[in-house]
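Asker: Here is a sequence with its predicted model. Questions after.
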Amino acid sequence: MLLTISTTVRPATDLGFLLHKHPDRVQEFGQSYGTARVFYPEASEERCTAALMLDVDPVRLVRSRGRSTPDYALGQYVNDRPYAASSLLAGALADVFRTARTGRCASRPELAAGPIPLEITLPALPCRGGPELAHRLFEPLGWEVEARAVPLDEGFPEWGDSRYVRLSLRGEVRLADALNQLYVLLPVLDDAKHYWIASDEVDKLIRAGESWLAAHPERGLITRRYLGRRWALTRTAFARLAELGDDLEEELEPPVEEEAAVPAQDGPAGDGNGTEAGVRRPLNVLRREAVLAVLGELGARTVIDLGCGTGQLVGALLADPSFTRVAGADVSSQALTVAARKLRLDRMPDRQRARLELFQGALTYTDDRFSGYDAAVLMEVVEHVDPPRLAALERVVFGAARPGHVIVTTPNAEYNVRYEFLTGMRHPDHRFEWTRAEFAAWAERICAEYRCTVAFRPVGDDDPEVGPPTQLAVFTLGGTE
Ligand code: SAH
């Protein structure tokens with residue numbers, strides 16, 4: 001496996017400083033599955049090339065594999081892994097160029113900080129999706145891409161192309177960015193089952209992708225493939241990418257064609273999405289549908305979404321003319337800005353616009369604007385409120401605003417064991433996650449304090465042991481207190 005990085009910056013030998021590897025020496029780095037070497041086939045003032053070569057020991061590779069790898073006897077020993085640039089090369093690159101990837105370089109700080117002319121070549125890169133995908137992944141990052149399918153056998157052109165491409169990238173890119181992009185995109189192109197996927201892969205992806213992934217048009221595909229289509233991990237990554245700026249919620253729904261192409265080998269650990277017809281539906285969609293169904297059953301005409309976030313439920317409510325008045329409130333002005341953009345508020349027809357109110361407000365302070373609705377929705381909101389502030393929210397919603405009904409959804413903590421790689425809570429901003437008993441106890445207390453009744457229903461697949469991924473409660477309040 002070979003990767004070369006060339007530059008024509010003057011003096012080109014400064015590449016040695018940037019990579020923290022001296023151009024005059026061949027350096028070796030032991031890896032658990034082989035040996036990585038760095039050397040410089042050329043090193044002049046005008047042009048300097050560093051090569052990273054990885055020799056994989058197939059036997060060591062097999063022995064260092066995790067338990068989760070499918071065992072197909074001979075296949076473990078006889079496969080392309082030792083020879084094709086893949087996740088192993090990405091791993092070696094991450095290890096060998098660890099400091100360079102951070103962009104730190106005490107001796108050449110300004111060179112490390114900015115774009116330099118770079119040329120990167122990978123003679124044999126496994127590429128599921130062919131040369132076209134290589135273009136789609138690297139071009140948005142400012143690379144001029146040359147990707148050529150490697151024929152199966154030069155002597156027999158009629159056999160067609162192999163799944164390998166010879167890839168050359170040319171561009172003015174910061175070296176640290178280039179290394180991080182390769183680190184993420186090599187395994188994405190390979191799309192093999194990586195034996196090393198672990199829960200800290202989300203952290204690694206976010207760190208390596210910090211400066212470019214959130215804005216990449218193929219971020220959905222990149223994230224899903226990088227994380228081996230582990231849904232719990234992918235969801236976490238999307239949530240965290242969304243925090244980096246853009247809202248990716250809607251991308252949680254996998255494109256059906258891509259999923260269909262993947263045999264359900266190691267299946268999802270069951271993330272609560274109906275598995276009918278092999279197409280899993282994201283939990284946020286199921287949740288929205290469940291809330292809309294309840295509102296329909298209640299015959300609600302006017303609805304306020306409290307903690308509306310980026311306005312997905314508000315959009316669905318507006319699309320249904322039986323809701324005559326729709327409001328969304330959130331404490332986050334950033335969320336409301338995104339909501340306004342997604343709802344195309346500026347271009348909304350007057351008649352629809354007249355049914356909608358979108359405003360900033362905190363649920364822990366009494367606010368007249370929350371009052372006067374048939375129903376209020378608190379979808380995935382209570383768990384974002386600090387427990388000592390929860391009583392204030394209860395007073396504001398159930399005491400002061402007092403809509404006819406309150407629909408509350410919140411994660412069921414018991415279900416978390418079904419998320420293969422989840423450690424801790426589902427979202428970094430969650431202050432708590434309740435078991436079914438805890439949610440029921442909270443609801444019963446609300447009923448006693450604010451004179452109402454409550455009914456529960458599951459959202460998502462109702463696991464016989466741990467219950468559904470989301471729990472939903474419908475409170476019915478009668479008149480003013
Ligand atoms: N209901 C949306 C968003 C859930 S995320 C959905 O289901 O997709 C939780 C939302 O609650 C965030 O947008 C956050 O800004 C909002 N939020 C948290 N605490 C709040 C408070 N005290 N007052 C108003 N909104 C709050």
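Answerer: Thanks, I have it. Numbers count the residues shown, from 1 in each chain.
Asker: Quick one: find the helix or strand in this structure with the lowest mean pLDDT.
Answerer: Scoring the helices and strands of the chain by mean pLDDT, DSSP states H and E places helix 256-260 at the bottom, with a mean of 28.
Asker: So which other helices or strands are in contact with the helix or strand that that helix is followed by?
Answerer: Under the assignment DSSP states H and E, the closest C-terminal helix or strand after helix 256-260 is helix 283-298. Helix 283-298 makes packing contacts with helix 312-318, strand 375-379, strand 405-411, strand 452-459, strand 470-477 when contacts are defined by 3 or more CB pairs under 8 Å, 6 or more residues apart in numbering; DSSP states H and E. No exception for glycine: its C-beta is placed from N, CA and C like everyone else's.
Asker: Could I get the CA-only coordinates of helix 283-298 as PDB?
Answerer: Taking Å, rounded to 0.1, in the frame of the first residue of the first chain, the C-alpha atoms of helix 283-298 are listed here in PDB:
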ATOM      1  CA  LEU A 283     -37.000   7.800  14.900                       C
ATOM      2  CA  ASN A 284     -37.500  11.500  14.500                       C
ATOM      3  CA  VAL A 285     -39.900  10.800  11.600                       C
ATOM      4  CA  LEU A 286     -41.800   8.200  13.600                       C
ATOM      5  CA  ARG A 287     -42.000  10.600  16.500                       C
ATOM      6  CA  ARG A 288     -43.500  13.400  14.300                       C
ATOM      7  CA  GLU A 289     -46.000  11.000  12.900                       C
ATOM      8  CA  ALA A 290     -47.000   9.800  16.300                       C
ATOM      9  CA  VAL A 291     -47.500  13.300  17.500                       C
ATOM     10  CA  LEU A 292     -49.500  14.300  14.400                       C
ATOM     11  CA  ALA A 293     -51.700  11.200  14.900                       C
ATOM     12  CA  VAL A 294     -52.500  12.100  18.500                       C
ATOM     13  CA  LEU A 295     -53.300  15.600  17.500                       C
ATOM     14  CA  GLY A 296     -55.700  14.300  14.800                       C
ATOM     15  CA  GLU A 297     -57.400  12.000  17.300                       C
ATOM     16  CA  LEU A 298     -57.800  14.800  19.800                       C
END
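Asker: Tell me what angle that helix forms with strand 405-411.
Answerer: Inter-element angle recorded for helix 283-298 and strand 405-411: 160 degrees (by axes from the mean of the first three to the mean of the last three CA atoms, to 10 degrees).
Asker: any low-confidence regions in the stretch 51-200 of the chain?
Answerer: 58-85, 193-199 (pLDDT under 70).
Asker: So which residues of it form helices?
Answerer: 58-63, 73-77, 87-96, 98-102, 109-113, 130-138, 175-190 (DSSP state H, counting those that start in this stretch).
Asker: most packed of those helices?
Answerer: Comparing these by mean neighbour count (mean count of other CB atoms under 10 Å), helix 175-190 comes out on top with a mean of 24.
Asker: any idea of the angle that helix forms with helix 87-96?
Answerer: 160 degrees.
Asker: same for helix 175-190, what does it pack against?
Answerer: On a contact count with 3+ CB pairs under 8 Å, 6+ apart, helix 175-190 meets strand 2-7, helix 15-19, helix 87-96, helix 98-102, strand 115-126, helix 130-138, helix 201-209, helix 219-226.
Asker: Only alpha carbons, please: show the fifth one as PDB.
Answerer: Backbone C-alpha positions of strand 115-126 (Å, rounded to 0.1, in the frame of the first residue of the first chain) are rendered in PDB as follows:
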ATOM      1  CA  PRO A 115      -2.800  26.100   1.700                       C
ATOM      2  CA  ILE A 116       0.300  24.900  -0.200                       C
ATOM      3  CA  PRO A 117       0.500  23.200  -3.600                       C
ATOM      4  CA  LEU A 118       0.000  19.500  -3.100                       C
ATOM      5  CA  GLU A 119      -0.200  16.400  -5.200                       C
ATOM      6  CA  ILE A 120      -1.300  13.200  -3.600                       C
ATOM      7  CA  THR A 121      -1.200   9.800  -5.400                       C
ATOM      8  CA  LEU A 122      -2.700   6.500  -4.500                       C
ATOM      9  CA  PRO A 123      -1.900   3.800  -7.100                       C
ATOM     10  CA  ALA A 124      -4.400   1.300  -5.800                       C
ATOM     11  CA  LEU A 125      -7.400   2.500  -3.900                       C
ATOM     12  CA  PRO A 126     -10.400   0.300  -3.400                       C
END
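Asker: Near the ligand, which residues of the chain are found?
Answerer: Neighbours of the ligand within the chain, by CB under 6 Å from any ligand atom: 307-309, 312, 330-332, 335, 362-364, 379-381, 384-385.
Asker: Mind checking which of the residues you listed land in strands?
Answerer: Among the residues of the chain next to the ligand, the members found in strands (DSSP state E) are 330, 379.
Asker: of all the residues of the chain next to the ligand, which two lie farthest apart?
Answerer: Gln312 and Thr364 (23.0 Å; CB to CB).
Asker: Those two: which has the busier surroundings?
Answerer: In this view Gln312 and Thr364 are compared by other CB atoms under 10 Å, and Gln312 has more residues nearby, 22 against 18.
Asker: I figured the more buried one hits Asn284, correct?
Answerer: Yes: in this structure, Gln312 is within contact of Asn284 by CB atoms under 8 Å, at 7.2 Å.
Asker: Arg325 contacts Thr302, doesn't it?
Answerer: Yes: with contact defined as CB under 8 Å, Arg325 counts as touching Thr302 (4.0 Å).
Asker: Pull up the overlap in contacts between these two.
Answerer: Tyr373 (CB atoms under 8 Å, 6 or more residues apart in numbering).
Asker: re earlier: want to throw the helices and strands packed on helix 175-190 into a markdown table with distance to His430?
Answerer: As requested, these are arranged in a markdown table below (distance: least, CB to CB, whole Å):
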| stretch | distance to His430 |
| --- | --- |
| strand 2-7 | 41 |
| helix 15-19 | 41 |
| helix 87-96 | 30 |
| helix 98-102 | 30 |
| strand 115-126 | 39 |
| helix 130-138 | 33 |
| helix 201-209 | 16 |
| helix 219-226 | 21 |
